[in-house]
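> Sequence and predicted structure, then a few things I'm wondering about:
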Amino acid sequence: MEAQLKKDLVNKITLEYARLRQEHESRQSAKSFVPIKEARSKGLVTDWKKTAIAPPSFLGIKVFKNFDLNLIRQRIDWAPLLFHMGV
């Protein structure tokens, strides 16, 4: 790589990272946090002994034979599969 081209690239990247750092810092300062003790005092309290939890209708693997996949095809998110296939 030519010396001037390299210098220009390094300067461009340095300026871009400075801008990104500044944007990140500005977003962080807008957040207001409560002390950990206060957050814990307002935490979710559960009583699992009083909560009615229904048992599952079955345990193990359920096999659907002769199931029409067209019934669920529109509900499948194909994006992760296609992404990993490079489509």
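That came through fine.

> Next, give phi and psi for Leu5.
With angles defined as degrees, to the nearest 10, Leu5 sits at phi -60, psi -40.

> quick one: it and Lys12, what's the gap?
With distances taken as Cβ to Cβ, to the nearest Å, Leu5 is found 11 Å from Lys12. All C-beta atoms are positioned from the backbone trio N, CA, C, and that covers glycine.

> just Glu2 next, same as before
Counting by Cβ to Cβ, the gap from Glu2 to Lys12 is 15 Å.

> With Thr51 instead?
Counting by Cβ to Cβ, the gap from Thr51 to Lys12 is 58 Å.

> The two - which one has more neighbours?
Lys12 (10 against 7; other Cβ atoms under 10 Å).

> and that one, what element?
helix 3-29 (DSSP states H and E).

> roughly how far out does that helix sit from the chain middle?
Distance, stretch centre to chain centre, for helix 3-29: 26 Å (Cα atoms, centre = their mean, to the nearest Å).

> Let the chain start at 423 from now.
Sure, I'll start numbering at 423, so the last one becomes helix 425-451.

> Show residues contacting the helix or strand just after it.
Next in sequence after helix 425-451, counting helices and strands by DSSP H and E, comes helix 458-463. By Cβ atoms under 8 Å, 6 or more residues apart in numbering, no residue outside helix 458-463 reaches it.

> any idea of the mean pLDDT for helix 458-463?
Averaging pLDDT along helix 458-463 gives 95.

> Ok, stretch 501-509 next?
On average, stretch 501-509 scores 91.

> Using CSV, write out every CA atom in that stretch.
In CSV, the C-alpha atoms belonging to stretch 501-509 read as follows (Å, rounded to 0.1, in the frame of the first residue of the first chain):
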residue,chain,number,x,y,z
ALA,A,501,-34.4,-15.7,7.5
PRO,A,502,-31.8,-17.4,9.8
LEU,A,503,-31.6,-20.5,7.6
LEU,A,504,-31.3,-18.5,4.4
PHE,A,505,-28.7,-16.2,6.0
HIS,A,506,-26.5,-19.0,6.9
MET,A,507,-26.9,-20.6,3.5
GLY,A,508,-25.7,-17.3,2.0
VAL,A,509,-28.9,-16.7,0.1
